[in-house]
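Engineer: Pasted the sequence and its predicted model underneath.
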Amino acid sequence: MPAARILQEVCAAETREVALDEHDRPLAVRLTRLTEDRPVRTGQQVTGRLHTISLGQGGGFVNLDDHGGEAFLRLQEGHGLTEGQSLDLRVAAEPREGSKLARVALAGKAPAPGAPDLWDAPEVMQVDPGDPTVAMAFDMAISDNVNLPGGGNITLERTRALVAVDVDTSGRTETGRAATRALKVNLDAAAELARQIRLRNLGGIIVMDCVSPLNRESGKQVRDRFNTVFRQISSQRVRALLPSDLGLLEASVEWAETPIAERLLAPSGAKSSRTICFDGFRLLEQEARARRMDRLCLDLPGHALDWLNRDGPLLRQSLAQKYGDRFTYDSTDPKSPVVFTVP
């Protein structure tokens, strides 16, 4: 199911895009930044040399050309390849934190059929820097909590082993039997979880703690709702089990893109210095458009200014080329970026 429309926010140093459904709920986000090193991307055609075959690990290791780094290629007995062989490949999954290599497939092997590309929307709208819907979507993609349409929320916590999901019914006002109320909130949670996995570029093992009571027939409805919604918006392979006797809905989702949180957050879970810098540049661009003759100063937290001075000359150049050389950069160590007029 393609998105109903796409919002595209083009700034001097980055482009942020959001795919929205017919209810204007964000389904996916896309981010392109200056200074960000992303050697390979899902679906990209690449070449490389197979340097090690290790069927005990399920495949082989490939050195990608053009500084693409190392990648893993799944192989089975009788694959017919030899170490040192040059290969035409397709990127099946991007690298992730924790030394998780990119995964590639032979270029001649077609990907499994799946949902249509969300980004094939009939309507693409250009929006101004700082657009609130784009900002909301990117904030949601890194938030721990997501509200459910009928009240309550789900909390997603990503660990090294899995993504744990808790369902909270606070704020729901349904009446009736406990089993009926539990089924409704679990159906809402399963649908929202499917959307959040796609929005956040998550994969691996997903475990949702369903609200009880939950019998087998209700559990089947919850599992089917998760599968249906996910397969409408993603081509990633997914397998979901019936909830266990303890009410745990378990799913395995194929990895594809790098999780958006890894690109926006530091290991501590706070926004990275790079992300704070880009937030500041977006704010600076908003002010530059509104005050076209003023000299402006971007006041950044100290660690973000350090990153800008070390790694961000291209950001300064791109903004100056677009709006003129009328910007300065400083730090009084505010909690978040601030822009003010220079007398």
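Structural biologist: Received, thanks. Residues are numbered from 1 along each chain as shown.

Engineer: so how far is residue 280 from the nearest residue to residue 311 once chain neighbours are set aside?
Structural biologist: The shortest distance from residue 311 to any non-neighbouring residue, by C-beta to C-beta, 6 or more residues apart in numbering, is to residue 35 (5.8 Å). C-beta: built from backbone N, CA, C; applies to glycine. Going from residue 35 to residue 280 by C-beta to C-beta, to the nearest Å gives 14 Å.

Engineer: In the stretch 51-200 of the chain, what residue spans correspond to helices?
Structural biologist: 132-142, 178-200 (DSSP state H, counting those that start in this stretch).

Engineer: Looking at residue 35 and residue 280 now, which is surrounded by more residues?
Structural biologist: Per other C-beta atoms under 10 Å, whichever of residue 35 and residue 280 has more neighbours is residue 280, with 24 against 17.

Engineer: Pick the most deeply packed of the helices of the stretch 51-200 of the chain.
Structural biologist: Most buried of the helices of the stretch 51-200 of the chain, by mean neighbour count (mean count of other C-beta atoms under 10 Å): helix 178-200, with a mean of 21.

Engineer: Packing partners of that one?
Structural biologist: Helices and strands touching helix 178-200, by 3 or more C-beta pairs under 8 Å, 6 or more residues apart in numbering; DSSP states H and E, are strand 26-33, helix 132-142, strand 153-158, strand 163-168, strand 204-209, helix 216-233, helix 260-264.

Engineer: These: which one's closest to residue 99?
Structural biologist: helix 260-264 (12.7 Å; C-beta to C-beta).

Engineer: tell me the average confidence for the closest one?
Structural biologist: The average of the pLDDT scores along helix 260-264 is 96.

Engineer: If you count contacts, what does it end up packed against?
Structural biologist: strand 26-33, helix 132-142, helix 178-200.

Engineer: Please spell out which residues along whichever helix or strand comes after it are buried.
Structural biologist: Following helix 260-264 in sequence order, the next helix or strand is helix 273-290 (DSSP states H and E). Across helix 273-290, burial judged by 16 or more other C-beta atoms under 10 Å covers 273-288.

Engineer: Same question for stretch 5-22.
Structural biologist: Buried residues in stretch 5-22 (16+ other C-beta under 10 Å): 5-7, 9, 11-14, 16-21.

Engineer: residues in contact with it?
Structural biologist: Contacts to stretch 5-22, defined as C-beta atoms under 8 Å, 6 or more residues apart in numbering, come from residues 3-4, 26-35, 118-119, 121-131, 133-134, 137-138, 278, 281-282, 285, 314-315, 318-319, 321-323.

Engineer: redo that, cut-off 7 Å
Structural biologist: With C-beta atoms under 7 Å, 6 or more residues apart in numbering as the test, stretch 5-22 has contacts from 3-4, 26-34, 118-119, 121, 123-127, 129, 131, 133-134, 137-138, 278, 281-282, 285, 315, 318-319, 322.

Engineer: before we move on, back to that, which stretch among the helices and strands packed on helix 260-264 approaches residue 294 most closely?
Structural biologist: helix 132-142 (23.6 Å).

Engineer: still on that earlier bit, would JSON lines of the helices and strands packed on helix 260-264 with mean pLDDT be doable?
Structural biologist: What follows is the helices and strands packed on helix 260-264, written out as JSON lines (pLDDT from 0 to 100):
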{"stretch": "strand 26-33", "mean pLDDT": "96"}
{"stretch": "helix 132-142", "mean pLDDT": "98"}
{"stretch": "helix 178-200", "mean pLDDT": "96"}
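
Engineer: how about these in TSV, adding distance to residue 304?
Structural biologist: As requested, these are arranged in TSV below (distance: least, C-beta to C-beta, whole Å):
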stretch	distance to residue 304
strand 26-33	15
helix 132-142	17
helix 178-200	24
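
Engineer: just so I know, which of these lies nearest residue 225?
Structural biologist: Smallest distance to residue 225 across those (C-beta to C-beta): 4.5 Å, for helix 178-200.

Engineer: Just the CA trace of the longest strand along the chain, in CSV.
Structural biologist: In the chain, assigned by DSSP state E, the strand with the most residues is strand 45-54. Output of strand 45-54 as CSV, limited to C-alpha atoms (Å, rounded to 0.1, in the frame of the first residue of the first chain):
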residue,chain,number,x,y,z
GLN,A,45,23.3,-2.5,-6.5
VAL,A,46,27.0,-3.0,-5.5
THR,A,47,30.0,-5.1,-6.4
GLY,A,48,32.4,-6.9,-4.2
ARG,A,49,34.8,-9.8,-3.7
LEU,A,50,34.0,-12.9,-1.6
HIS,A,51,36.9,-13.2,0.7
THR,A,52,35.7,-15.9,3.2
ILE,A,53,33.1,-18.7,3.0
SER,A,54,31.9,-19.9,6.3
